[in-house]
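Quick one, what's the 3D model for this:
(one chain, ligands or ions: 1)
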Amino acid sequence: MEASVSLLPCAFSQKTKESPATKFVQTVPQNSLAKEVDVDKIAAAVEMILEAIGEDPQRAGLVDTPQRVARLYQELCYSTGVDAASEITCKFQEETESLVVVKGIEFTSLCEHHLVPFLGVAHVAYLPSNGMITGLSKLARVVELTARRLQVQERMTEEIAAAIFEGIEAQGVCVVLEAEHMCMSMRGIKKAGARTVTSAFRGLFKTDKQSRAEVLSHLK
Ligand SMILES: [Zn+2]
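Residues are numbered from 1 along each chain as shown. I've put the predicted structure just below:
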């Protein structure tokens, strides 16, 4: 799914503004704040797992697997300990009171209970305060940063909302995540395709029921 962006007039805004859809490309940037990952330690642990399940780590197909898995985990966890709000470095003052909605930001994260992926999309909406907005790609970066660490979906949703709320001091923030968890899909009763939906609210969308209902209607 491609991310779509819209600036929507809503009950609590006077002006309307349209924006062309913007595509977000997920990349694996190097964040200077990212922690160093001990690749050799991961590789040694993976070799132990291979032995523990009765495999021969030296056979041709597996000989490079520990290093490969280590680099994979390095990529999936590069944002451990990074404050996602710090990503909102550029802010602009605009004469707008419009609700900003970005839908369908794809992400892949890692379930901290099973160390297997959960993946899906994030929908983000915020109501600027005093016209303070940020670059739309920054919202996608906040999602990316909160995803690239061990996570549970509920906490990730709250972390995105908190980062945007603090980063631009918005009047209100609403975040909805829809994700499929491989730990569910791969095992047991195999609920493949089942999606977990979580939401988080800050500011006006937390305190005012009517505003919350309206913002949620934009995110469906
Ligand atoms: Zn899990």
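
was I right about residue 174 contacting residue 214?
No - Residue 174 is beyond contact range of residue 214, at 9.7 Å (criterion: CB atoms under 8 Å). In this view, the C-beta of every residue, glycine as well, is placed from N, C-alpha and C.

and the protein, what are its domains?
Following automatic domain parsing, the chain resolves into domains at 4-28+89-219, 39-76.

could you dump the strand ranked longest in the chain to PDB, C-alpha only?
Counting by DSSP state E, the longest strand found in the chain is strand 99-111. Below are the C-alpha coordinates for strand 99-111, written out as PDB (Å, rounded to 0.1, in the frame of the first residue of the first chain):
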ATOM      1  CA  LEU A  99      -6.000  18.700  10.300                       C
ATOM      2  CA  VAL A 100      -3.000  16.900   8.700                       C
ATOM      3  CA  VAL A 101      -3.600  13.300   7.900                       C
ATOM      4  CA  VAL A 102      -1.000  10.800   6.600                       C
ATOM      5  CA  LYS A 103      -2.400   7.300   5.900                       C
ATOM      6  CA  GLY A 104      -0.800   4.000   5.000                       C
ATOM      7  CA  ILE A 105       2.800   4.500   6.200                       C
ATOM      8  CA  GLU A 106       4.200   1.000   5.900                       C
ATOM      9  CA  PHE A 107       6.400  -0.300   8.600                       C
ATOM     10  CA  THR A 108       8.100  -3.500   9.700                       C
ATOM     11  CA  SER A 109       8.900  -4.000  13.400                       C
ATOM     12  CA  LEU A 110      10.100  -6.800  15.600                       C
ATOM     13  CA  CYS A 111       7.900  -8.400  18.300                       C
END
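
That strand packs against which elements?
strand 4-8, helix 65-76, strand 117-127, helix 136-147, strand 150-151, strand 172-181, helix 209-219 (3 or more CB pairs under 8 Å, 6 or more residues apart in numbering; DSSP states H and E).
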